[in-house]
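Student: need coordinates for the below:
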Amino acid sequence: MGSQTSKRWGFKQVTKSNLKPAIEQVIEDIQNADFISVSIQSTGSHGAPWRRILPFDTSETAYYKAKDNAEKFQLLQFSACPFKWASESKIIAYPYNFHLFPRDELRIGMPSYSFSCQLSSITSMAQKGFDFNSWVYNGISYSSKAQESPAKQRGRNSSMLGTYPALPYQKPYIADIIFMERVRSQVQHWRDACLTSNNASKGGLVHSLMTTVFNNEMFGSRPCLRINAASDRQMQLILEVLREFSHDLVPLRSSVGEDVQKEVKVIFTSSEEDKHFLLSELQQHAKDQCKQILRFEDVVDALIKSGKTIVGYNCLTDFTMIYSSFIAPLPPTVKEFLCSLQSIFPRVLDIRHLLKEVKSREIPSIKKAKNLHAALSYLNRQFSLPLDLEVPLEFK
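Tutor: Reported below is the predicted structural model:
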């Protein structure tokens, strides 16, 4: 799935820069497809030699190994190729290759702060011409459904949207009291100046003085005061003070992270109607932001909703990774995993499993085959019908 392979087979490479148009097109192709082929590439296949899935492993043992690997490594690429029958002897393929990177864009510790890499996998990708710089800087972020809900909730909480969470009890310190009094005085004087500005005939002069004295700025057409905080505790103290002015002031907390400046923007509203209008704007902006960041999941959702047949090779490894990355944490047993997976992807064909079944039919040439290519070559010579595979020009 590296760049050399894409030149030979004509994958449409999708990164953060061209994600939006590609998402719309791949969803349409999935909806119109007769079946879909799926494949993944991760940062590793097994953490140790004894973690490699072997032919004689029981289903439980194989699942435990695949589960361990899926929880340890991260996705590099997700390839999906919808196929559509144009006639009895012609099929059209629409191959997409999505470059994924577990970037913490919301700065809330998702999908992962750290992950493992297997040297042989990374070396193999490099030999195939994989662009690691593009992967890191232009890869698409993603999250599972289990992470998506709390992410959206925390995203809403991060901007507060006029809410004032209860301050957990903590023994008061003199420094906290002094800080709260300083913030209270700053907010009170700034609010009084805003009220004066609304009533004054020379609002321009008053606004100029407010900008100089209070470091005042505008949030759209509304006055806005920026209050910096040195810690999460100070952030909570600021919000506690702002409770006293909740009738016309709206707090807007910036995204919080270890390396991000913590601050609260205080927005002045001229009336109760203006306040409700501002809150509606902020809520809509938060929803749009979540949709913009959490977009690759739309591809997985389209695969699930389509109910189409999914074709893969080594599906246990691929689908444990897909389940862990996009659905939820993996169940503890293989029985629970298969029941859950069947409810999500009801029709899955594993080429590797089918090949084992064919070998069990005691066909000598198949039993002697050393790899998938040799087995498929024999099957093509003996049983295949003439078939034309067409890839649209935009994918070549």
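Student: from the chain's centroid, how far away is stretch 303-310?
Tutor: Here stretch 303-310 is found 20 Å from its chain centre; the criterion is Cα atoms, centre = their mean, to the nearest Å.
Student: and for stretch 230-248?
Tutor: 31 Å.
Student: buried residues in the helix ranked longest in the chain?
Tutor: If you go by DSSP state H, the chain has its longest helix at helix 174-199. The neighbour-count check on helix 174-199 (16 or more other Cβ atoms under 10 Å) flags Asp176, Phe179, Met180, Val183, Arg184, Gln186, Val187, Trp190, Arg191, Ala193, Cys194, Ser197 as buried. (Each C-beta comes from the backbone N, C-alpha and C, glycine too.)
Student: what does stretch 268-281 give?
Tutor: Of all the residues in stretch 268-281, those buried under the rule 16+ other Cβ under 10 Å are Phe268, Thr269, Asp274, Lys275, Leu278, Leu279.
Student: ok, back up a step: can you redo the buried residues of helix 174-199 as TSV with pLDDT and distance to Lys90?
Tutor: Output for the buried residues of helix 174-199, formatted as TSV (pLDDT from 0 to 100; distance: Cβ to Cβ, whole Å):
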residue	pLDDT	distance to Lys90
Asp176	86	74
Phe179	91	73
Met180	90	74
Val183	90	71
Arg184	91	75
Gln186	89	72
Val187	89	70
Trp190	87	71
Arg191	87	71
Ala193	82	74
Cys194	81	70
Ser197	70	71
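Student: any buried residues in the helix or strand where Ser121 lies, and which?
Tutor: Applying DSSP states H and E as the criterion places Ser121 in helix 119-127. Within helix 119-127, the residues that qualify as buried are Ser121, Met125, counting by 16+ other Cβ under 10 Å.
Student: picking up where we left off before, output the contacting helices and strands for the longest helix of the chain.
Tutor: Judged by 3 or more Cβ pairs under 8 Å, 6 or more residues apart in numbering; DSSP states H and E, helix 174-199 is in contact with helix 203-214, strand 222-229, helix 232-242, strand 262-268.
Student: lowest-confidence stretch among the ones you listed?
Tutor: Mean pLDDT per stretch puts helix 203-214 lowest among the helices and strands packed on helix 174-199, at a mean of 53.
Student: before we move on, back to that, using PDB, write out every CA atom in the helix holding Ser121.
Tutor: Provided in PDB are the C-alpha atoms of helix 119-127 (Å, rounded to 0.1, in the frame of the first residue of the first chain):
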ATOM      1  CA  LEU A 119      10.900  -2.500  13.200                       C
ATOM      2  CA  SER A 120      10.300  -5.000  10.400                       C
ATOM      3  CA  SER A 121       6.900  -3.400   9.600                       C
ATOM      4  CA  ILE A 122       8.300   0.100   9.500                       C
ATOM      5  CA  THR A 123      11.400  -1.000   7.400                       C
ATOM      6  CA  SER A 124       9.100  -2.800   4.900                       C
ATOM      7  CA  MET A 125       7.000   0.400   4.500                       C
ATOM      8  CA  ALA A 126      10.100   2.500   4.000                       C
ATOM      9  CA  GLN A 127      11.400   0.100   1.300                       C
END
